[in-house]
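Colleague: Here's my sequence, what's the structure:
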Amino acid sequence: MTNQTATAPPPGGTEVAGRVADVLLMFAGGPEYLGVTAISRELGISKAVVYRILQSLVSREMLEAGTAGYRLGPAAVALGVSALRRFNVRSAAAPVLRRLRDATGETTTLSGLVGDERVYLDQFESPHEVKMTVEVGRRFPLHAGSSGRVILAFLPAERREMLLGRPLAAMTHRTVTDEDRLRAELAETAREGVAVSLGERQADAGSVAAPLFGPDGEVHGSISVCGPRHRFTPEAIDRYRTLVVDAAEEITRTWTTHR
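Modeller: Numbers count the residues shown, from 1 in each chain. I've put the predicted structure just below:
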């Protein structure tokens, strides 16, 4: 008969797991590339510990190393795609976005708030030969473009102010980077419940977006109609405003009542 003794987990196992999770979450809400020094400074962890965590994540393809630093790897992307499939707002939004695409003739998109940025979760492409398409899974700052600005406008005031206090990068010459001007535009967006962008995130693109609110009543994403800027005439924009707001309200109702 063999005596078996239960082996206790190593001391600090929960703490180590938490540190690994914290490192990964920095990539979800921060810049594409991060280095050891930046992570160490942000999380208050020694560079040696950060380096060991990064190497472990690289070995499992959760991260990949490059000359600019570390970024999310294929295993993390696979997890993200799996999560998107289970993100039930996509199911609620799909039929509405399809109808919105048919009604406008332009590409319709769904974005989700991830960390301090937004990510495209889905799109229904325009039937036009010349059209706008988006890269599902790609992250963008909230201040540039209608899909991000309409989320930023409805965030809790404290969080919105924190984001506005950070450097606002210009993605095109039309991106609003002046803090006071952006505050004024956000106030207008909050009053109207819709945002319009003409070349703010992508030079030749136009878009109209409305916010999506989750079961908790907080803003969790947005939907948009987007296409070549020359087709976004004042008349088209006025029409899209109503259609996008109505579509967003329908998605929110479906999401919150059938979760």
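Colleague: Contacts only, for the closest residue to Arg138 other than its chain neighbours.
Modeller: Nearest non-adjacent residue to Arg138, counting by C-beta to C-beta, 6 or more residues apart in numbering: Tyr120, 6.0 Å away. For the C-beta atoms, the positions are set from N, CA and C on the backbone; glycine is no exception. By C-beta atoms under 8 Å, 6 or more residues apart in numbering, the residues touching Tyr120 are Thr109, Leu110, Ser111, Val134, Glu135, Val136, Gly137, Arg138.
Colleague: among those, which ones are buried?
Modeller: Among those, those buried by neighbour count (16 or more other C-beta atoms under 10 Å) are Thr109, Leu110, Ser111, Val134.
Colleague: Including secondary structure, distance to Glu64 and pLDDT, could the contacts of Tyr120 go into CSV?
Modeller: Output for the contacts of Tyr120, formatted as CSV (DSSP: H, G, I helix; E, B strand; the rest coil; distance: C-beta to C-beta, whole Å; pLDDT from 0 to 100):
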residue, secondary structure, distance to Glu64, pLDDT
Thr109, strand, 27, 96
Leu110, strand, 27, 95
Ser111, strand, 25, 94
Val134, coil, 23, 89
Glu135, coil, 18, 85
Val136, coil, 20, 86
Gly137, coil, 16, 81
Arg138, coil, 17, 82
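Colleague: about what we covered before: report the two of the buried ones among the contacts of Tyr120 separated the most.
Modeller: Largest separation among the buried ones among the contacts of Tyr120 by C-beta to C-beta: Leu110 and Val134, giving 9.7 Å.
Colleague: shared neighbours, these two?
Modeller: Tyr120, Gln123.
Colleague: which residues of the chain fall in helices?
Modeller: Applying DSSP state H to the chain gives helices spanning 13-29, 36-43, 47-59, 74-86, 88-104, 146-153, 157-164, 179-192, 234-257.
Colleague: For Ala170, which of those helices is the nearest?
Modeller: helix 179-192 (11.8 Å).
Colleague: in the closest one, what's buried?
Modeller: Quick answer for helix 179-192 (16+ other C-beta under 10 Å): Leu182, Glu185, Leu186, Thr189, Ala190.
Colleague: swap in stretch 91-109?
Modeller: Ala92, Ala93, Val96, Leu97, Leu100, Arg101, Thr104, Glu106, Thr107, Thr108, Thr109.
Colleague: The nearest residue to Glu64 once chain neighbours are set aside and Thr254: what is the separation?
Modeller: Excluding its sequence neighbours, the residue lying closest to Glu64 (C-beta to C-beta, 6+ apart) is Gly73, at 4.1 Å. According to C-beta to C-beta, to the nearest Å, Gly73 and Thr254 sit 35 Å apart.
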